[in-house]
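[1] Starting from these lines, generate the structure:
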Amino acid sequence: MLLSTRTIYGFRMMFQLALNYEKGPFQLREISKREGLSLKYLSQIILILKNANLVVATRGAQGGYQLARPPRAITALEIFVCLEGEVLALGEQDGQTSQDSVVVEEVWDRLRRGAAAALEGLTLEDLLRSDMKRRHASNYSI
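    Residues are numbered from 1 along each chain as shown. Predicted structure coming up:
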């Protein structure tokens, strides 16, 4: 399964917003700089996230974006579906017999349910904790 650039950038942006949760609005320019991502592309992605009620915008000189809910209340599944659409959507399968189609659909359905369950069980807070553990572990050297 390949993720689109939009989804990869969207997760990186949401992670930055989670890192700055409770610090007030965070400007896209800063996310762009920290992550090394195109400001223009982030501007397009943030609108999708805003329309899905995952982020809120604040206007003005001190404005920017912040998570609409705490990091523990936003799942990877919500972000994924917002940016990518259905988890593991099955495209048209040309030249397959009906038996082949049933087998493929069964396999794909199990994959989809497993992937959706894994994404549903992962929150932005989990990602923050994982990042903190990784950073902490890499600080030890002999």
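[2] which residue packs closest to residue 82, ignoring adjacent ones?
    Spatial nearest neighbour of residue 82, chain neighbours left out: residue 52 (4.1 Å); criterion: C-beta to C-beta, 6 or more residues apart in numbering. For glycine as for every other residue, the C-beta is placed from the backbone atoms N, C-alpha and C.
[3] how many other residues sit next to that neighbour?
    For residue 52, the neighbour count with other C-beta atoms under 10 Å is 14.
[4] How about residue 27?
    Neighbours of residue 27 under the rule other C-beta under 10 Å: 14.
[5] same deal with residue 122?
    The number of residues packed near residue 122 is 16, by other C-beta under 10 Å.
[6] can you tell me which residues contact the closest residue to it other than its chain neighbours?
    Leaving aside its sequence neighbours, residue 122 sits nearest to residue 76 (C-beta to C-beta, 6+ apart; 4.2 Å). By C-beta atoms under 8 Å, 6 or more residues apart in numbering, the residues touching residue 76 are 11, 119, 120, 122, 123, 124, 127.
[7] ok, and the first one, which helix or strand is that part of?
    Of the helices and strands defined by DSSP states H and E, residue 11 is found in helix 5-19.
[8] Next: the last one.
    Assigned by DSSP H and E, residue 127 belongs to helix 124-138.
[9] which residues touch residue 12?
    Going by C-beta under 8 Å, 6+ apart, residue 12 touches 31, 35, 37.
[10] what do you get for residue 81?
    residue 87.
[11] what's the angle between the helix or strand hosting it and helix 5-19?
    Element membership of residue 81, judged by DSSP H and E, is helix 76-84. On the basis of axes from the mean of the first three to the mean of the last three C-alpha atoms, to 10 degrees, helix 76-84 is oriented at 140 degrees to helix 5-19.
[12] average model confidence for helix 76-84?
    Averaged across helix 76-84, pLDDT comes to 92.
[13] so how far is the top helix by length along the chain from its chain's centroid?
    Scanning the chain for the helix with the most residues, using DSSP state H, yields helix 98-120. Distance of helix 98-120 from the chain centroid (C-alpha atoms, centre = their mean, to the nearest Å) equals 21 Å.
[14] quick one: the helix holding residue 81 to helix 98-120, angle?
    120 degrees.
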